[in-house]
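Asks: Quick one, structure for this:
(chains A and B)
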Amino acid sequence: MGLMEKFFGISWGIHPEDHKRPAADAATRVMPMPERLYISLAQHLGAPALPTALVGQKVKKGELLAKPQGVVSAAIHAPTSGVIAAIGEIPAPHPSGLPVLAVTLAADGEDAWSETLQACDDPFALEPDEISRRVAAAGVVGMGGATFPSALKLSSSRKAGVTTLIMNGGECEPYLSCDDRLMRDEAAAIVDGIRLMLHATGAKLAIVGIENNKPEAIHAMQTAAAPFGDVRVRPVPARYPVGSEKQLVQTLTGKEIPAGALPAEVGVVVHNVGTAKAVHEVVRLGRPLVSRMLTVNGGLVKTPGNVVAPLGALVEEVLAFAGGLAAAPARLIMGGPMMGMSLPHARVPVVKGTSGILALSGAEVADHREESCIRCGHCARACPMGLLPLEMARHIQGDDLKGAVKLGLKDCIACGCCAYVCQSHIPLVQYFAHAKGTLAAEDRARLRADAAKKLVTARNARLAAEAREKAEVAARRKAEREAAAAAKAAVAAAAETATEAGAAA
Amino acid sequence: MFTAIFSLTILGATLGLALGIAGRFLAVEANANVAELEALLPGTNCGQCGFPGCSGAATALVGGAAPATCCPVGGKALAVAIAEKLGVRLDLSGVADEAPKLALVAEDLCIGCCRCIKTCPTDAILGAPKQIHNVLKEACTGCAACVAHCPTEAILLHPVPVTLPHWVMPKPSSAVSVGNCVTSFAERTAWV
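Replies: All right, here's what the predicted structure looks like:
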């Protein structure tokens, strides 16, 4: 791609209508605490958290509810003070509507912070690892939507010798403006968080990439970052998906991350600006991640805007607080319209990765019948990863997943550019998601089969050992019996000889 | 006597040499495919294919006596792998790719007879005489070897419930595409 880009400019990506305003310009509203919160234990990438709080226990805001389980996992804290009403399954914010384990918290209305929180006045005096440790203890995850535990990224970047910290303020998804709003409102806190992350990762320079359709956010961030030489704000051209990790790194540094590699390979690490705000709150104020900014938008939302909602509030309640809906939505989406998840209903909770809630009208939702591919090649031009979506989809339609993998299915970032430009309305991303899921299921089945084979071998070895032992015992018994019989015979013979001798005498 | 010993030694040595050479040059090679296929098969020797264990099935597959779809435990994925290994065409229409199943003991019916424990190829059943048995779901392969041995029909196969981390997005049907949000807004401004 390099040479072509030099002469003809960037060719990947799309320019969808962004629908960000008026929501982005409306003042941020803070949602009042609902009566009950449903705090999912699987709000992050990796293993679900293990509940430590007990039903009936009184907790303060910010107290630990569940601890991380395994290496890739995150802690979960109480978003308000109250009593744990239940620990059980609730519908997950997921297209499948399957259940997920959650802690139900009945709020007491006081919203009192825990007294044990550890604030810090001079965090730059702390060891870098101590910052990572505090970020891990506070359950901070990537706020852009990927929800990878941030502390792992901070500590591993230090080990990998990362030199540049890329801050993602791209927010290229249409409709969403929560990062935009956060940068306008809390620029100083974000810059402080960025400097703490520089300290934790050992990187020398932070570059904040912001799409040039957010001039207010660029101005606010530039003003806040002006006193610090190691934080630079760089506008990037508005183009979906420039806010994707690999594309942002390429746009800002000119370095392409190799297939299957992490950004650390080219000496960078990418964090979201929302994560920087969370890191600031954790390290400076000692406050764990218990609420987040999210965009409520879509044609049916009466007063679209950005809302600070506690984790565990129901989507239904957030929508009601934001002014309610004009009609029943044709589609309800958590996240952006390109990569978000359509929700089966609104009785699902807000989680750490909820960047937006969209209630789209029938006019905004365009369901089309899938038609045959006309091989126009628009998808191949739009693909930011330089793949051939049309060819991959053809292989998947014929259940040839291996063929799709050969064409680079694993490099697909599921951005949806291909399906957006498809003239035949082929749901290309859905094919890729299906194929990736099936491949993962096959991998799991293979691991299971290998484990079963080991069990079979162990059982056969055990049965053989048992049979051998039995045979040995039987042989010993037989030998003992024979020896006893021989001894008896010898005694009898001796007695006989004695009698004979006696008779002879 | 020496003549007899001498002639028999010569005869033995000559025949031995001839047999050795024949063994070396006229050897019938053991079919390596059998071992490779056996490695693909589940290895639980459950016998559902109708052949004596997985090695028997592997031999039958190589000999062409069994279709690539003979293993009900492995399902479609295994059939595809076998067909690829053997280079045969595959007719998957007859294979019902059932969702994975696990054995489950109905506790009100189990009499604690231990018969299922003895038949389980992966030691996945736990129990003692006159105690209710239980299945370790991590070890159960759903081979159904235990089902026939239960005198009270307490042990049956049940489909594994789909959980959130194991959910797979369904393959799009040719009908109206739903589920993915990408088609969800109508405007198409610029192509590139």
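Asks: Where does the most centrally placed residue in chain B fall, secondary structure wise?
Replies: For chain B, the residue sitting closest to the mean C-alpha position, by C-alpha atoms, centre = their mean, is residue B:42 at 3.0 Å. Following DSSP states H and E, there is no helix or strand that holds residue B:42.
Asks: all strands for chain B, in order.
Replies: Here chain B has its strands, by DSSP state E, at B:101-105, B:125-126, B:134-135, B:155-159.
Asks: and of those strands, who's closest to residue A:358?
Replies: strand B:155-159 (34.6 Å; C-beta to C-beta). Where you see a C-beta, it was placed from the backbone N, CA and C, and this is true even at glycine.
Asks: List the neighbouring strands of that closest one plus their orientation.
Replies: In the sheet, strand B:155-159 lines up against strand B:101-105 (antiparallel) (DSSP bridges).
Asks: which helix is the longest one in the chain?
Replies: No chain was given, so I picked chain A. helix A:428-504 (DSSP state H).
Asks: Chain B, not that one
Replies: Ranked by residue count under DSSP H, the longest helix found in chain B is helix B:2-25.
Asks: give me the low-pLDDT residue ranges for chain B?
Replies: Residues of chain B meeting the criterion pLDDT under 70: B:30, B:93-98, B:174-192.
Asks: follow-up on the earlier one: now the residue nearest to the centre of chain B: closest residue in space that isn't a chain neighbour?
Replies: residue B:73 (4.9 Å; C-beta to C-beta, 6 or more residues apart in numbering or on different chains).
Asks: For the one you found, give me its contacts.
Replies: By C-beta atoms under 8 Å, 6 or more residues apart in numbering or on different chains, the residues touching residue B:73 are B:42, B:44, B:46, B:48, B:141-143.
Asks: same deal with residue B:44?
Replies: Neighbouring residues of residue B:44 by C-beta under 8 Å, 6+ apart: A:452, A:456, B:54, B:73, B:121-122, B:141, B:143, B:145.
Asks: if I look at it, how far off is residue B:27?
Replies: 33 Å (C-beta to C-beta, to the nearest Å).
Asks: helices or strands up against the longest helix of chain B?
Replies: The contact analysis (3 or more C-beta pairs under 8 Å, 6 or more residues apart in numbering or on different chains; DSSP states H and E) places helix B:2-25 against no helix or strand.
Asks: Would you agree residue A:371 falls within a strand?
Replies: No - under DSSP: H, G, I helix; E, B strand; the rest coil, residue A:371 sits outside any strand and is assigned coil.
Asks: can you pull the contacts of it?
Replies: A:424-426.
Asks: and which of these is nearest to residue A:261?
Replies: When these are compared against residue A:261 (criterion: C-beta to C-beta), the nearest one is residue A:426, at 29.7 Å.
Asks: coming back round to it: closest to residue A:89 among the contacts of residue B:44?
Replies: residue B:141 (27.1 Å).
Asks: what's the neighbour count on the closest one?
Replies: Residue B:141 sits with 26 neighbouring residues when counted by other C-beta atoms under 10 Å in any protein chain shown.
Asks: how about it, what does it touch?
Replies: So residue B:141 contacts A:448-449, A:452, B:42, B:44, B:46, B:73, B:121-122, B:124 (C-beta under 8 Å, 6+ apart).
Asks: ditto for residue A:134
Replies: Counting by C-beta under 8 Å, 6+ apart, residue A:134 has contacts A:118, A:126, A:282-283.
Asks: can you check residue A:98 too?
Replies: Contacts of residue A:98 were listed using C-beta under 8 Å, 6+ apart, and they are A:91-92, B:162-164, B:167.
Asks: Is there a neighbour count for the residue nearest to residue A:75 when sequence neighbours are not counted? I'd like the number.
Replies: Nearest in space to residue A:75, with sequence neighbours left out and distances taken as C-beta to C-beta, 6+ apart, is residue A:139 at 3.9 Å. Using other C-beta under 10 Å, residue A:139 has 29 other residues around it.
Asks: circling back to that earlier point, can you list contacts of the longest helix of chain B?
Replies: Residues contacting helix B:2-25 (C-beta under 8 Å, 6+ apart): none.
Asks: Regarding the residue in the stretch 251-400 of chain A that chain B sits nearest to, what is its secondary structure?
Replies: Closest approach between the stretch 251-400 of chain A and chain B, counting by C-beta to the nearest C-beta: residue A:366, at 3.7 Å. Using three-state DSSP, the structure places residue A:366 in coil.
Asks: Quick check: it vs residue A:332, distance?
Replies: Distance from residue A:366 to residue A:332, counting by C-beta to C-beta: 16 Å.
Asks: in chain B, which spans are helices?
Replies: B:2-25, B:32-40, B:53-63, B:75-86, B:115-119.
Asks: likewise the stretch 201-350 of chain A?
Replies: For the stretch 201-350 of chain A, the helices defined by DSSP state H, counting those that start in this stretch occupy A:215-225, A:245-253, A:273-280, A:315-321.
Asks: Quickly compare those helices and say which is most buried.
Replies: helix A:273-280 (a mean of 29; mean count of other C-beta atoms under 10 Å in any protein chain shown).
Asks: from the middle of its chain, how far away would that helix be?
Replies: Computed by C-alpha atoms, centre = their mean, to the nearest Å, the chain-centroid distance of helix A:273-280 equals 17 Å.
Asks: Around chain B, which positions in the stretch 101-250 of chain A sit nearby?
Replies: residue A:174 (C-beta under 8 Å from any C-beta of the partner chain).
Asks: in the stretch 101-250 of chain A, which spans are strands?
Replies: A:164-169, A:205-211, A:231-236 (DSSP state E, counting those that start in this stretch).
Asks: most packed of those?
Replies: By mean neighbour count, with neighbours taken as mean count of other C-beta under 10 Å, strand A:164-169 ranks first of those at a mean of 26.
Asks: Let me know the average pLDDT across that strand.
Replies: For strand A:164-169, the mean per-residue pLDDT is 95.
Asks: how many degrees apart are it and strand A:205-211 in direction?
Replies: Counting by axes from the mean of the first three to the mean of the last three C-alpha atoms, to 10 degrees, strand A:164-169 lies at 30 degrees to strand A:205-211.
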